[in-house]
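Novice: Okay, predicted coordinates and the sequence, questions at the end:
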Amino acid sequence: MKAPKLLSEFRSLRYSRSIRLIPMAALLLTGTVVWSQAPQAGGGSGRGGGRGFSGRGRGGGGLQADAEHPVMKIGTHIPDFTLPGADGKMHSLKEWASAKYLMVVFECNHCPESQNYESRIKQLYEDYKGKGVQLVAINPNNPASVRLDELGYTDLEDSLPEMKVRMADRHITWPYLYDGETQATATKFGVIATPHVFIFDQERNLRFEGQIDNNQRPDLVTTKDTRNALEELLAGKPVTVAETRVHGCSTKWLSKATGAQSREAEMQRIMKEPVKLDTADADALKKLKANGSGKVEVVTFWSTKCTACADTFHALETTYRMFRQRAFSFVTVSTDPVSGKDAVMDFLQKQYASGTNVQSTVDLAAVQAAFGEKWKANSMFTIVIGADGKVLYKKEGSMAKAGDVVPSPDLLNFRRSILANMPDTAGYPGNHAYWQEDYVKIAAK
């Protein structure tokens, strides 16, 4: 299949979770190229390391509103909406007509800042649900508009099926709705980022919009803007600060699904990256197991004789493209005889496997002896090794199959084992702790 046809298929698909090796339309949706370390962030908690900020309004350090999607003005009546929820039901605005106040929080799966604020959103829900405040969360993002290099802090994307996984895993009990298909509701609100809060009074006129508070790090918070607004409203007072800057991951509008910063463009770039294959003897494999990279390291052993390996190999390559700008290393090891190098290279090229690829120069028994692990011949074996050389996770066999709508439990555990053991970056303090909650369960199994 030629590249122009692939790009045409991408435009017609808009979004897919397919992980086939061929056709390559799936790769157009899961390829990536080095652009940026993380989702676009701004304000007091973006790339600047969670710094707080002072002052109000739309100027200064916060993310700016999109010119095509102006932010709803204070006093505006809430637009009606009906959206699918992660609970499998359709939800309409009229459901919450009896609530004294309605708090709409735009959040999503992939954004590390949304993840960092998840516990604070839960606390707001718990603290105010008995006081007449209804919290409704809406995911505004279109998944096809999120590049893979913007998924370096997540196990899941922003599709509705994957929202269902997040809702169950994180025990989200408030409504979590999906607006990514048309973004009609997000457009009317003018959502700048995730998270972004809008609070409406009983007549459903907007009384507050802005940030939850002014720092991702709870110990550095100096203004609890959403909480302050709720307290003033419940006391029958006007909101002193009705608008604030917004910080988080910029809204992924449908317009981003095409153009220079789209996944389509990523795939065009990755298709041009060189695919290389080196050799590794027993000593090299011993060093690989010891992990001197200083990073979380993933090593996967595979063979062209494994007919079920292609789908999992692609899922692993996708994960590599998600995480490769962080403290992460990925090595593929072919256990085919060196005489089969051409077949190995053909497979790697079809996968656009531009990472570190090696082929063992010793037989499978010697490979396993050198690496200190056992698995069946012509099967796949994947292991996650910490920067300290500790084995964090291992899996023999498949972790994915063509047509998966959401990542399999094995693939999720694999990704979470990586996320929980990479150090925080300056822009997203607290992400390590967020994933440790999941990894404690994985490690206990």
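Specialist: Yep, that arrived.

Novice: Where does pLDDT dip in the stretch 1-150 of the chain?
Specialist: 1-63 (pLDDT under 70).

Novice: show me where it has strands.
Specialist: Using DSSP state E, counting those that start in this stretch, the strands of the stretch 1-150 of the chain run over 82-84, 90-92, 101-106, 133-139.

Novice: how about those, which one is nearest residue 172?
Specialist: The closest approach between residue 172 and any of these, judged by Cβ to Cβ, belongs to strand 133-139 at 7.6 Å. C-beta: built from backbone N, CA, C; applies to glycine.

Novice: wait, residue 238 sits on residue 232?
Specialist: Yes: proximity of residue 238 to residue 232 meets the contact threshold set by Cβ atoms under 8 Å, at 6.9 Å.

Novice: Compare these two (neighbour count), which wins?
Specialist: residue 232 (17 against 8; other Cβ atoms under 10 Å).

Novice: any chance you could map the helices in the stretch 1-150 of the chain?
Specialist: Counting by DSSP state H, counting those that start in this stretch, the stretch 1-150 of the chain has helices at residues 3-13, 25-30, 112-128.

Novice: Helices of the stretch 301-445 of the chain, residue ranges please.
Specialist: For the stretch 301-445 of the chain, helices defined by DSSP H, counting those that start in this stretch occupy the ranges 309-323, 341-350, 364-371, 409-419, 431-444.

Novice: Those helices: lowest mean pLDDT?
Specialist: For the helices of the stretch 301-445 of the chain, mean pLDDT drops lowest on helix 431-444, to a mean of 91.

Novice: Convert the C-alpha atoms of it to CSV, please.
Specialist: C-alpha atoms of helix 431-444 as CSV (Å, rounded to 0.1, in the frame of the first residue of the first chain):
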residue,chain,number,x,y,z
ASN,A,431,2.3,12.1,37.7
HIS,A,432,4.6,9.5,39.1
ALA,A,433,2.4,9.3,42.3
TYR,A,434,-0.8,9.1,40.2
TRP,A,435,0.4,5.9,38.4
GLN,A,436,1.9,4.3,41.5
GLU,A,437,-1.6,3.8,42.7
ASP,A,438,-2.2,1.5,39.8
TYR,A,439,1.2,-0.2,39.9
VAL,A,440,0.8,-1.2,43.6
LYS,A,441,-2.1,-3.4,42.4
ILE,A,442,-0.1,-4.7,39.4
ALA,A,443,2.9,-5.6,41.5
ALA,A,444,0.7,-7.4,44.1
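
Novice: Rebuild the strands of the stretch 1-150 of the chain as JSON lines, extending it with mean neighbour count.
Specialist: Shown next, in JSON lines, are the strands of the stretch 1-150 of the chain (neighbours: other Cβ atoms under 10 Å):
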{"stretch": "strand 82-84", "mean neighbour count": "17"}
{"stretch": "strand 90-92", "mean neighbour count": "13"}
{"stretch": "strand 101-106", "mean neighbour count": "24"}
{"stretch": "strand 133-139", "mean neighbour count": "24"}
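
Novice: So for residue 193, which of the ones you listed sits nearest?
Specialist: Evaluated over the strands of the stretch 1-150 of the chain, closeness to residue 193 peaks at strand 101-106, with 7.8 Å, by Cβ to Cβ.

Novice: in the stretch 151-300 of the chain, what spans have low per-residue confidence?
Specialist: For the stretch 151-300 of the chain, no range has pLDDT under 70.

Novice: residue ranges for the helices of the stretch 151-300 of the chain, please.
Specialist: For the stretch 151-300 of the chain, applying DSSP H, counting those that start in this stretch gives helices covering 160-169, 184-189, 225-234, 263-270, 282-290.

Novice: Residue 385: which of these is closest?
Specialist: helix 282-290 (7.1 Å).

Novice: Which residues outside that closest one are in contact with it?
Specialist: Helix 282-290 has contacts (Cβ atoms under 8 Å, 6 or more residues apart in numbering) with 280, 297, 299, 331, 333, 358, 360, 362, 366-367, 369-373, 385, 389.

Novice: go with 7 Å
Specialist: 299, 331, 360, 362, 366-367, 370-372, 389 (Cβ atoms under 7 Å, 6 or more residues apart in numbering).

Novice: Count the residues that sit near the closest residue to residue 358 other than its chain neighbours.
Specialist: Nearest residue to residue 358, sequence neighbours excluded (Cβ to Cβ, 6 or more residues apart in numbering): residue 280, at 4.1 Å. By other Cβ under 10 Å, the residues close to residue 280 number 21.

Novice: Quickly list what residue 280 is bridged to.
Specialist: residue 360 (DSSP bridges).

Novice: Now do the same contact list for it.
Specialist: 333, 358, 360-361.

Novice: Mind checking the helices of the stretch 151-300 of the chain for the one nearest to residue 149?
Specialist: Nearest to residue 149, of all those, is helix 263-270, at 7.2 Å by Cβ to Cβ.

Novice: returning to that earlier point: just the contacts of residue 280 now: which is nearest residue 269?
Specialist: residue 358 (24.0 Å).

Novice: Return the per-residue confidence for that closest one.
Specialist: Predicted confidence (pLDDT) for residue 358: 98.

Novice: Excluding sequence neighbours, find me the nearest residue to residue 189.
Specialist: In space, and not counting its chain neighbours, residue 189 is closest to residue 72: 5.2 Å by Cβ to Cβ, 6+ apart.

Novice: now do residue 204
Specialist: Closest residue to residue 204 apart from its sequence neighbours, by Cβ to Cβ, 6+ apart: residue 78 at 4.2 Å.
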